[in-house]
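Engineer: Mind looking at a prediction? Sequence and model below.
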Amino acid sequence: MDLKDQLTTISESVGHLLPEIILIASLIITLILGLILKRNKQALLHGVALATYVVSIFLVIKAWPQQPTSLFGGMLRLDDFSSFFKILFLSGGFLTLIISRQKKEDTSSEYVLLISAIVLGSCLLAMSMNFVMVLLSLELISLSSYILAGFGFDKKSSEGSLKYFLFGTAATACMIYGISLIYGLAGTLDFSSDQFLNTLIETKSPLLLVGSLLMLAGFLFKISAVPFHLWTPDVYESAPTPVVAFLSVVPKLAGIAILVKVVLAIQLFGQSGFPWQSIVAVISILSILVGNLSALAQTNPKRMLAYSSVAQSGFLLIGLAVLGMEGIHFLMFYSVAFLIMNFLVFSVLNHYESSLVADSVSSFTGIGRLSFFPAFSMLIGMIALTGLPPTAGFTAKLLIFSSLWSTYQETQSGILLALFVIGLINTVVSLFFYLKIPYFLFMKEPVVDAKPIKNSYSGNLLHGILVILLIYLFLQPGVLMGWINRITFVL
Amino acid sequence: MSLLSYLIFIPILAALLAILIPARLPNSFRVLSLTISIIQIIILILIINQYTFGSGFQLIEKIPWITLELGTWGILKAEYFVALDGLNLPMVALSVGIMLVATISSWTIDKNQKGYFILLLILNGAIIGSFCALDFLLFYVFFEFMLLPMYFLIGIWGGPKREYASIKFFLYTLLGSILILIVIVGLYLSVRTPDSNVQVVHTFNVLHMQDSDNLIPGSLLSLDSDSYLGPYSFRLWAFLLLFIGFIIKLPAVPFHTWLPDAHVEAPTPISVILAALLLKFGGYGLLRFAYPIFPDGAIHFSWLVGFIGLVSIIYGALNAMASRDLKRLIAYSSVSHMGFVLLGIASATVEGITGAVYHMFSHGIISAMLFLIAGVLYDRTHDRLIENYSGLATKMKAYTAFVLIAFFASMGLPGFAGFMGEVMIFFGAFQSQSINGLVPAWMAITATLGLLLGAAYYLWTIQRMFYGTYSVRSSLMDLTDLDRREFIMLLPLALAALIFGILPQLLLNYINPFATEFVGSWFSFEKILTP
């Protein structure tokens, strides 16, 4: 390809990246405005970012790809799978900034900038088709997250941020090493290419397994799956709540999206000699078990939710362990439900933090009796995370376990049956800790000198919408599933 | 909408309405709740009027609910499907009646009435919904929907150890329902609608699930599946999971330990609902889901079912005898009585099944009465220890009369509702060995010991609490007899316990066609299994 052709491809490709370009433009504007505007006048920055997300979501939907389009010579690919996740990332960013408005201190331009950068990185990651691109997008997410995790600006927050950074860089190093091994074997970095497929089908070398596992470590770190979850509780505990809400959803879903693509690639459409299904299933079982059992012992609500987030990764991975289109569809449904319920829970938590120090579940004692609605939203969020009706959390679990059973019926693989049983039984375990906060909210008498909880109408409105969405998706899952079912291009 | 849907959704809509009423008007919630219960009674009368004796389902209402494309595996289809037959009509009638009594009994709730009555109304709708649902997913949703109101009702308005009791109740019951969910997931993927042509339509319709023609050949739960997991085939495992799931709810030994705690700590009206209605889901679930869908499992494990029933009868009765707390005694007597239900179901004879359903109904009435009686005493003294009372008969005459009726009815004395159920269960259990060989005769013989023990603990309690010289440890003043409200809520139950003892036909006309068809369809199934 000569230079002229290359330039034409690039200029053609740019047109397809309109949502991302707008994000970049907003990044630059935020940067400049942040220098010009006074410290207390930065509400404008939020407005700019929120508008950007809305416009980007609109553009993604408007240019919904019927056929996949390869961009920048195979670096990125615009398809319906990635477009779906892009909408989730942008909505995640949108919700995060809305939640952040509740507390006035988080309005600096850097904050908005970093959130936008992570959203951008996630969008690019979901579209990546080349290991170099994967690495670049992932690093954009990671580096921004490390800084964002330290946004509490105290000792604890710095500690969390540093831990996240150290673990993160180690994981990235592993991943780069793994990718280099795979590159050596396949001779290409484009994991959707025929060359990648054909070369690796021939390869029987265990080096491929080693390389792939090392590479997966990077993604599993991002989604905080066991055994790469160790950073999660510390970061969740110390970072500001809106940041935690954001980190627990957007980078995680981005990690899931790329994990789906990469696992499908290295599984070589079922022709790989290595038991990828079992490997994913084992990680899933471990995440569910370790996440739920560790959460039982937690008293800090954010640490508890951190372990819950580990367990939820396990449930998301079930959709991948199925290694089929249905599983991936249900994984996407689960992702939507997860986004809604996680934001709901963290948003209520954030709302409470503006009135009290929520460092232990017992600090919620009796609050539900004083102000009902936020507590009710919290209850619905927790029920949804447990996976009980009448919430979308139940539908998502029902669908994802259905796909698991179906696959088990075909393959008769014992590990899938174990995953099925352990996953469902863990619902009971998880109920115990998910109910802890509602338990203190409703069942305990209010403390005598309890400070009244500030009432926030905007907060109640947001929680109301999220609660209604959760119940609506339970009653009418067909609306969302109909849309997801039309998605066909993953790799 | 059919009458049945009104019965289910009126309380739920009323609960939504009640959210708008300000909390400083506590009486409005009581009145609202009572009005709803009375409306339900009227609807129930209309329903019974429409219902004609005979087998099969009536008042059917079927509306598509969820239809999802599942890619290559076809379509998931769940319906809003409610109907009545001889099994759930008595249960629905019981629910409506007990809810009225529970509402009257809730008059004394004096903290946070708004929350209490909203939860009570939601519980009301969910209970009736679960009894009516013939779509397994719909049943499951209603079933789970009962747990959360129950958890809060015990946990907020209960006794001193309420928090422990409520979470224990929730965890046990959820474990049971998760076991049921495991089977639901496996089952609906193995079942298709009879009219599915090009694409397989996976359905949650229980009637389709009961018909072995609808099982997809080659699926793990199909009849010809030769896959084994350990010693049993997947169908047997599925039956076992459903069985355990439902006997946790029943509850049977060894899964009964949540019951005494929940009962002792729950406020009186909630104990009433728990004993009279929620326990019935155990027996109802076995008869509606586990047995008809997996008759092969039921045959294979009939010995186990009967044995667990027997153990529950004896162990429950012995525990009741050793209880010092009146509510705990009643709770263990429930375990013992539910053991009889299990024994009747295990026998799988027309008499046994009829008896089991009859016994569930009569236990609903009698246990409600027993818990109200315990509540009356607790309201006055806040003390439930049997040893702290004696000679109550001299001061509380009306109360003693109701206690005697309830105790004798629960003992299964002829002339009371409890007798009919038990005697038919014994007919079934004794016949079983010669008719179908499912329950050995020694189990039936040993189970009669339960009757004896029942008489023993009730008579002993009467002797300790009501005879002798009057003394109450916690109160120096004389205890007052029943007031008008307490009289009103106990009287209909006492009358019902007598009427259904003297005129069993009132109920048998409904139950018998169901039991005949149930056993009939079952044996035709057995023929398929052994050609």
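Structural biologist: Here it is on my side, so go on.
Engineer: can you count the residues close to residue A:484?
Structural biologist: Number of residues near residue A:484 (other Cβ atoms under 10 Å in any protein chain shown) recorded here: 21. Where you see a C-beta, it was placed from the backbone N, CA and C, and this is true even at glycine.
Engineer: cool, residue B:244 as well?
Structural biologist: Counted with other Cβ under 10 Å, residue B:244 comes out at 17.
Engineer: Help me confirm that it is found in a strand?
Structural biologist: No. Per DSSP: H, G, I helix; E, B strand; the rest coil, residue B:244 lies outside any strand segment and is helix.
Engineer: Let me see the contact set for residue B:114.
Structural biologist: B:18, B:21, B:23, B:26, B:29 (Cβ atoms under 8 Å, 6 or more residues apart in numbering or on different chains).
Engineer: burial count for the last one?
Structural biologist: Just to be clear, that refers to residue B:29. By the measure other Cβ under 10 Å, the count of residues near residue B:29 is 24.
Engineer: again, but for the first one
Structural biologist: When neighbours are counted by other Cβ under 10 Å, residue B:18 registers 22.
Engineer: got it, and the second one?
Structural biologist: Burial of residue B:21, expressed as a neighbour count using other Cβ under 10 Å, amounts to 15.
Engineer: what do you get for the third one?
Structural biologist: Around residue B:23 sit 13 other residues, with neighbours defined as other Cβ under 10 Å.
Engineer: three-state assignment of it?
Structural biologist: coil.
Engineer: hmm, back to that, out of the contacts of residue B:114, which comes closest to residue B:207?
Structural biologist: Nearest to residue B:207, judged by Cβ to Cβ, of the contacts of residue B:114 is residue B:18 at 35.6 Å.
Engineer: For the closest residue in space to that closest one that isn't next to it in sequence, give me its contacts.
Structural biologist: In space, and not counting its chain neighbours, residue B:18 is closest to residue B:118: 5.0 Å by Cβ to Cβ, 6 or more residues apart in numbering or on different chains. Neighbour list for residue B:118: B:15, B:18, B:19, B:29 [criterion: Cβ under 8 Å, 6+ apart].
Engineer: Single out whichever of those has the smallest pLDDT.
Structural biologist: Lowest pLDDT among those: residue B:19, with 87.
Engineer: in which helix or strand would I find residue B:67?
Structural biologist: Residue B:67 belongs to strand B:58-69 when assigned by DSSP states H and E.
Engineer: partners of that strand in the sheet?
Structural biologist: Sheet pairing of strand B:58-69 (DSSP bridges) gives strand B:75-84 (antiparallel).
Engineer: thinking again about what came up before, need the next SSE after the helix or strand hosting the residue nearest to residue B:18, C-terminal direction.
Structural biologist: Of the helices and strands defined by DSSP H and E, residue B:118 is found in helix B:113-132. Downstream of helix B:113-132, the first helix or strand assigned by DSSP H and E is helix B:136-157.
Engineer: That next one vs helix B:113-132, what angle?
Structural biologist: 150 degrees (axes from the mean of the first three to the mean of the last three Cα atoms, to 10 degrees).
Engineer: And stretch B:446-453, what's buried?
Structural biologist: B:447, B:450, B:451, B:453 (16 or more other Cβ atoms under 10 Å in any protein chain shown).
Engineer: how far away is the first one from chain A?
Structural biologist: From residue B:447 across to chain A, the span is 32 Å (Cβ to the nearest Cβ, to the nearest Å).
Engineer: Quick check: pLDDT value at that residue.
Structural biologist: Reported pLDDT for residue B:447: 93.
Engineer: Quick one: neighbours of residue B:437, just the number.
Structural biologist: When neighbours are defined as other Cβ under 10 Å, residue B:437 has 11 of them.
Engineer: Can you name the helix or strand that it falls in?
Structural biologist: Secondary structure assignment for residue B:437, by DSSP H and E: no helix or strand.
Engineer: for chain B, what are the nearby residues on the stretch 201-350 of chain A?
Structural biologist: Within the stretch 201-350 of chain A, the residues that sit near chain B (Cβ under 8 Å from any Cβ of the partner chain) are A:325, A:326, A:329.
Engineer: ok, now with 6 Å
Structural biologist: Within the stretch 201-350 of chain A, the positions adjacent to chain B are A:325, A:326 by Cβ under 6 Å from any Cβ of the partner chain.
Engineer: Reformat the buried residues of stretch B:446-453 as a markdown table; add distance to residue A:156 and secondary structure.
Structural biologist: Below are the buried residues of stretch B:446-453 laid out as a markdown table (distance: Cβ to Cβ, whole Å; DSSP: H, G, I helix; E, B strand; the rest coil):
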| residue | distance to residue A:156 | secondary structure |
| --- | --- | --- |
| B:447 | 64 | helix |
| B:450 | 62 | helix |
| B:451 | 66 | helix |
| B:453 | 62 | helix |
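Engineer: what's the most distant pair in the residues you listed?
Structural biologist: Of all pairs in the buried residues of stretch B:446-453, the most separated under Cβ to Cβ is B:447 and B:453 at 10.5 Å.
Engineer: ok, and for stretch A:343-356, which residues are buried?
Structural biologist: For stretch A:343-356, the buried set under the neighbour-count rule, 16+ other Cβ under 10 Å, comprises A:343, A:344, A:345, A:346, A:347, A:348, A:349, A:350, A:351, A:352, A:353, A:355.
Engineer: Where does confidence bottom out across the residues you listed?
Structural biologist: Lowest pLDDT among these: residue A:355, 81.
Engineer: how near is the residue lying closest to that one once chain neighbours are set aside to residue B:4?
Structural biologist: Among residues not flanking residue A:355 along the chain, residue A:453 sits closest, at 4.7 Å (Cβ to Cβ, 6+ apart). As judged by Cβ to Cβ, to the nearest Å, residue A:453 and residue B:4 stand 42 Å apart.
Engineer: Between the two, which has more neighbouring residues?
Structural biologist: The neighbour count for residue A:453 versus residue B:4, taken as other Cβ under 10 Å, is higher for residue B:4 (23 against 17).
Engineer: Contact partners for that one?
Structural biologist: Contact partners of residue B:4, counting by Cβ atoms under 6 Å, 6 or more residues apart in numbering or on different chains, are B:59, B:82, B:132.
Engineer: Can you say which helix or strand has it in it?
Structural biologist: Using DSSP H and E, residue B:4 sits in helix B:3-20.
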